[in-house]
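Chemist: Quick one: sequence plus predicted model below, questions after.
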Number of protein chains: 4
Amino acid sequence: MDREQRLWDWEETAQPYLLGASLLFLTSYAVRVLVPGLSPGWQVWWELVTLVSWSFFVVEYLARLAFSSNRRHFLRTRWLDLIVTVLPLLRPLRLIDMHERMQRRRDHPRLVLEARVMAYTGLASLLLGFAASLAVYHDERSAPGANIHTFGDAVWWACSTLTTTGYGDATPVTPRGRVIAVGLMFAGVALVGAVVGSFSSYLLRSFRQEGEK
Amino acid sequence: MDREQRLWDWEETAQPYLLGASLLFLTSYAVRVLVPGLSPGWQVWWELVTLVSWSFFVVEYLARLAFSSNRRHFLRTRWLDLIVTVLPLLRPLRLIDMHERMQRRRDHPRLVLEARVMAYTGLASLLLGFAASLAVYHDERSAPGANIHTFGDAVWWACSTLTTTGYGDATPVTPRGRVIAVGLMFAGVALVGAVVGSFSSYLLRSFRQEGEK
Amino acid sequence: MDREQRLWDWEETAQPYLLGASLLFLTSYAVRVLVPGLSPGWQVWWELVTLVSWSFFVVEYLARLAFSSNRRHFLRTRWLDLIVTVLPLLRPLRLIDMHERMQRRRDHPRLVLEARVMAYTGLASLLLGFAASLAVYHDERSAPGANIHTFGDAVWWACSTLTTTGYGDATPVTPRGRVIAVGLMFAGVALVGAVVGSFSSYLLRSFRQEGEK
Amino acid sequence: MDREQRLWDWEETAQPYLLGASLLFLTSYAVRVLVPGLSPGWQVWWELVTLVSWSFFVVEYLARLAFSSNRRHFLRTRWLDLIVTVLPLLRPLRLIDMHERMQRRRDHPRLVLEARVMAYTGLASLLLGFAASLAVYHDERSAPGANIHTFGDAVWWACSTLTTTGYGDATPVTPRGRVIAVGLMFAGVALVGAVVGSFSSYLLRSFRQEGEK
């Protein structure tokens, strides 16, 4: 149990650093995709930032795997960690998970239950939508026959996908772009569905309380 | 507590006037967008109505801010008020919030819980859809390559967006039109989701009661 | 209370006849829209069936209004009756309402709660989708620039609208067709949402019971 | 009751074999649709596998029907079995049903309630989406005016249909393809809705527990 406890403590300590590394990763990726004529020096610098933050994720994951007393148990219970280590753009999904450890540091939560669910899942879907916009724009902008020419188009596509509206005036056409889109559709439908469900249950509860007052 | 109480009382007193000002604002905006050959006199008159109702919102908000004993607390708890003061077309969102104070004046609510949630959120989404139709029509009607040529097209687009159907035969193409559309998508998915959730929970409850009778 | 009771009894007695008249109305409308070269004699006959069934709805509604002890109360509580009397194609919506009276005749319901909600709302949305397909096909088939040429296209459009998929390869272009579509979207999103909500709550309940066994 | 018990026991014993036959059926169908230049020998072989697995379903269903003490009761309670016997591509729907019998063999479920609902319905919708992609690709690839030319297009269409996004850039145009699409839309909206509902209720519950700790 001692080792398990130390693993848990470590995960709690490492969290802010992982969050910082995630933001660095996303920022460097965004700069490399969005800033057009980056000078070679800056190009190398931002690629370095991407690489360093990514390798931080990998090293941290492997360290925890090596550290854990029961590796099969670790692999089975931390499968989401493996996915977001291999595909760092999915890291916003960890936000929801992170909530548990954040909460522990406070005595009592600052927001009502539904507001917390909405805040964490809403933030996760926004960041995921931003990451998907970047990746799709990166793949589609120079593809023949593409509908997504500017980053604005990519954000527009991501919003209409996350809300399952799906106008279809801007859709990915390359295989990689479509794989990213499928990921966003399924993650989006679940995350936005959770936001909507919480909002709906919050309204019912708050209207009920007034009725009782 | 005394000042807090007076702020609360004031907010309750001001509510009907704010509601009236919202309707004035929406009406004047609608007239200016929808009536084609407005004479210069009427043009100025309706612009004045828009400005006066908007400044009423701003003054009322600033007065409350000045009046409040704890301004940081005021800014944090009334963030929705700030948003709907800056963007008055989003004011229908306040309808849901308003419910609480409306209810207090009666002894007992006239409708069952779910019907109240459906009425308030349904009305809010209708008004929001109307405001979005106006704003998108205003921006798109003379844009090159636009699909939305008449106000009917704009309403059609707003309905297919609010229900997340998203046919895509009429979609905004200008940046401002798309920003409005993104707002409507997210607000719509939450509000309509709440209406659907309440309807579904109402049906389950009413079918259950019959089973018990 | 006596008159109120008699009104209630009458409504229970009239129900099977109203259901029969609804089916007659829908059948005659379907025949007139779908069968191309109807001979003048049959044309008149089916128009007569439409008219007779519709006038039955109107007479029955007015009779109940005249019969009721408190007309303002009647108008306020039976507003759905007024709507489906004026627009008989919306009559499938009454199915959900009808459930209560159907149920009373049995000792115990034959299906579990969620299955009953799914059966009634599912049937209502199917009939509503069929009625909307007929009406949209009727309006769109000869409209210039229409996408809906065959009844199959109309059904395809209705299905993609009810599920809020909204491909957009077949959409109404005439004003009347779009008004019908907006009605189907909102009714559809609520009814199908209720079916999905019941299915989801049924699954959670049935999985829970097994866990407890 | 003895016969009823033996029927139940038989259904429990036959389950793994039915699952195996389903996978064989899907595999052979996939090979026949996806592998382009199949030699006549292999063609016959895979057609044989399809036929044998299908006839296994039919024989098993008829055997159970013959075996049952009350045939009308059997037909009424096992209507889903009849559907998936006639249309074996819908067989993934049985997965949800299967859960009950799977569970019985263990002492206690390995996953929390919502995770089990998500796992079974998620897997069912994935397999259903795969089967629908195969069937639509089979029908559409050589249809005039089709949008779905490759299997990738079909998978892309199936994903955008299951999540009710409905971009509309790839949609079936043949009558058979559209019938399959309607089936996928309704099955998809229910299954994915159940996944989203469970995810949402899981989040609310897990956030609540932390609040209580």
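Modeler: Nice, thanks for sending it over. Numbers count the residues shown, from 1 in each chain, chains lettered A, B, ... in the order given.
Chemist: Every contact and neighbour count from this point should use C-alpha atoms.
Modeler: Will do.
Chemist: Any part of the biggest helix by length in chain A near chain C?
Modeler: Ranked by residue count under DSSP state H, the longest helix found in chain A is helix A:175-212. No. Judged by Cα under 8 Å from any Cα of the partner chain, helix A:175-212 makes no contact with chain C; its nearest approach is 10.7 Å.
Chemist: Counting by contacts, list what that helix packs against.
Modeler: In terms of contacts (3 or more Cα pairs under 8 Å, 6 or more residues apart in numbering or on different chains; DSSP states H and E), helix A:175-212 is packed against helix A:113-140, helix A:151-162, helix B:94-104, helix B:113-140, helix B:175-212, helix D:151-162, helix D:175-212.
Chemist: what about the third one, average pLDDT?
Modeler: Looking back up the chat, that one is helix B:94-104. Helix B:94-104 carries an average pLDDT of 67.
Chemist: want to try TSV for the helices and strands packed on helix A:175-212, with mean neighbour count as columns?
Modeler: Listed next are the helices and strands packed on helix A:175-212 as TSV, based on neighbours: other Cα atoms under 10 Å in any protein chain shown:
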stretch	mean neighbour count
helix A:113-140	22
helix A:151-162	24
helix B:94-104	16
helix B:113-140	22
helix B:175-212	20
helix D:151-162	24
helix D:175-212	20
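Chemist: among those helices, where is the model least confident on average?
Modeler: Among the helices and strands packed on helix A:175-212, helix B:94-104 carries the lowest mean pLDDT, at a mean of 67.
Chemist: of all the residues in chain A, which ones are close to chain C?
Modeler: Proximity of chain A to chain C, by Cα under 8 Å from any Cα, involves residues A:165, A:166, A:167, A:168.
Chemist: mind running it again at 7 Å?
Modeler: Counting by Cα under 7 Å from any Cα of the partner chain, none of the residues of chain A come close to chain C.
Chemist: Okay, domains of chain A per the record?
Modeler: Following automatic domain parsing, one gets these domains for chain A: A:1-94, A:109-213.
Chemist: Quick one, which of those gets closest to residue C:147.
Modeler: Among the domains of chain A, domain A:109-213 comes nearest to residue C:147, with 16.7 Å by Cα to Cα.
Chemist: quick one: which of the helices and strands packed on helix A:175-212 is nearest residue A:191?
Modeler: Closest among the helices and strands packed on helix A:175-212, using Cα to Cα: helix A:113-140, at 5.7 Å.
Chemist: Any residue of the closest one touching chain D?
Modeler: Yes. Using Cα under 7 Å from any Cα, helix A:113-140 reaches chain D at A:113, A:117.
Chemist: Packing partners of that helix?
Modeler: Under the contact criterion of 3 or more Cα pairs under 7 Å, 6 or more residues apart in numbering or on different chains; DSSP states H and E, the helices and strands touching helix A:113-140 comprise helix A:2-34, helix A:94-104, helix A:151-162, helix A:175-212, helix D:175-212.
Chemist: Just give me the residue right at the centre of chain A.
Modeler: residue A:92 (1.6 Å; Cα atoms, centre = their mean).
Chemist: That residue and residue A:128 touch, don't they?
Modeler: Yes. In this structure residue A:92 lies within contact range of residue A:128 using Cα atoms under 7 Å: 5.9 Å.
Chemist: List the contacts of the residue nearest to the centre of chain A.
Modeler: By Cα atoms under 7 Å, 6 or more residues apart in numbering or on different chains, the contact list for residue A:92 reads A:124, A:127, A:128.
Chemist: wait, which of these is closest to residue B:8?
Modeler: Residue B:8 has its nearest neighbour among these in residue A:124, at 34.8 Å by Cα to Cα.
Chemist: Report the separation between that closest one and chain B.
Modeler: Distance of residue A:124 to chain B, given as Cα to the nearest Cα, to the nearest Å: 15 Å.
Chemist: circling back to that earlier point, can the contacts of residue A:92 go into CSV with extra columns for distance to residue A:118?
Modeler: Output for the contacts of residue A:92, formatted as CSV (distance: Cα to Cα, whole Å):
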residue, distance to residue A:118
A:124, 10
A:127, 14
A:128, 15
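Chemist: what's around residue A:143, how many residues?
Modeler: Using other Cα atoms under 10 Å in any protein chain shown, residue A:143 has 15 neighbouring residues.
Chemist: Which helix or strand contains it?
Modeler: Using DSSP states H and E, residue A:143 maps to neither a helix nor a strand.
Chemist: Now it. Nearest residue, chain neighbours left out?
Modeler: Closest residue to residue A:143 apart from its sequence neighbours, by Cα to Cα, 6 or more residues apart in numbering or on different chains: residue A:174 at 7.1 Å.
Chemist: could I get the helices and strands packed on helix A:113-140 as CSV with distance to residue C:198?
Modeler: Shown next, in CSV, are these (distance: least, Cα to Cα, whole Å):
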stretch, distance to residue C:198
helix A:2-34, 39
helix A:94-104, 27
helix A:151-162, 24
helix A:175-212, 14
helix D:175-212, 9
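Chemist: For the domains of chain A, could you give me TSV that also reports distance to residue B:23?
Modeler: What follows is those, written out as TSV (distance: least, Cα to Cα, whole Å):
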stretch	distance to residue B:23
domain A:1-94	41
domain A:109-213	24
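Chemist: hang on, the earlier thing: distance of the residue nearest to residue A:143 relative to chain B?
Modeler: With distances taken as Cα to the nearest Cα, residue A:174 is found 21 Å from chain B.
Chemist: Torsion angles phi and psi at that residue?
Modeler: Per-residue torsions, residue A:174: phi -80, psi 150 (degrees, to the nearest 10).
Chemist: That one: how many residues sit nearby?
Modeler: A count of neighbours around residue A:174, defined by other Cα under 10 Å, yields 15.
Chemist: Also residue A:73?
Modeler: 11.
Chemist: Send me the helix or strand where it lies as PDB with only the CA atoms.
Modeler: Element membership for residue A:73, per DSSP H and E: helix A:71-77. C-alpha atoms of helix A:71-77 as PDB (Å, rounded to 0.1, in the frame of the first residue of the first chain):
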ATOM      1  CA  ARG A  71       2.200  -2.800 -13.500                       C
ATOM      2  CA  ARG A  72      -0.800  -4.600 -15.000                       C
ATOM      3  CA  HIS A  73      -3.100  -2.900 -12.600                       C
ATOM      4  CA  PHE A  74      -1.400   0.400 -13.600                       C
ATOM      5  CA  LEU A  75      -1.900  -0.200 -17.300                       C
ATOM      6  CA  ARG A  76      -5.500  -1.200 -16.800                       C
ATOM      7  CA  THR A  77      -6.600   1.700 -14.600                       C
END
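Chemist: Check whether it comes near chain D.
Modeler: No. Using Cα under 7 Å from any Cα, helix A:71-77 stays clear of chain D, coming no nearer than 11.4 Å.
Chemist: now that helix, how far from the centre of its chain.
Modeler: With Cα atoms, centre = their mean, to the nearest Å as the basis, helix A:71-77 stands 22 Å off its chain's centre.
Chemist: same for it, what does it pack against?
Modeler: Using 3+ Cα pairs under 7 Å, 6+ apart, helix A:71-77 sits against no helix or strand.
Chemist: right, and the helix or strand after it?
Modeler: From helix A:71-77 onward toward the C-terminus, using DSSP H and E, the following helix or strand is helix A:79-86.
Chemist: I'd like to know the average pLDDT value across that following helix.
Modeler: Rounded mean pLDDT across helix A:79-86 is 88.
Chemist: May I see the buried residues of that helix?
Modeler: Under the neighbour-count criterion of 16 or more other Cα atoms under 10 Å in any protein chain shown, helix A:79-86 has A:81, A:82, A:84, A:85 buried.
Chemist: how about the nearest residue to the first one, chain neighbours excluded?
Modeler: The spatial neighbour of residue A:81 that comes closest, neighbours along the chain excluded (Cα to Cα, 6+ apart), is residue A:61 at 7.5 Å.
Chemist: From chain B, how far out is that neighbour?
Modeler: Residue A:61 is 35 Å from chain B, where distance means Cα to the nearest Cα.
Chemist: helix or strand for that residue, which one?
Modeler: Here residue A:61 sits within helix A:40-67, counting by DSSP H and E.
Chemist: now that helix against helix A:79-86, angle please.
Modeler: Computed with axes from the mean of the first three to the mean of the last three Cα atoms, to 10 degrees, the direction of helix A:40-67 lies at 150 degrees from that of helix A:79-86.
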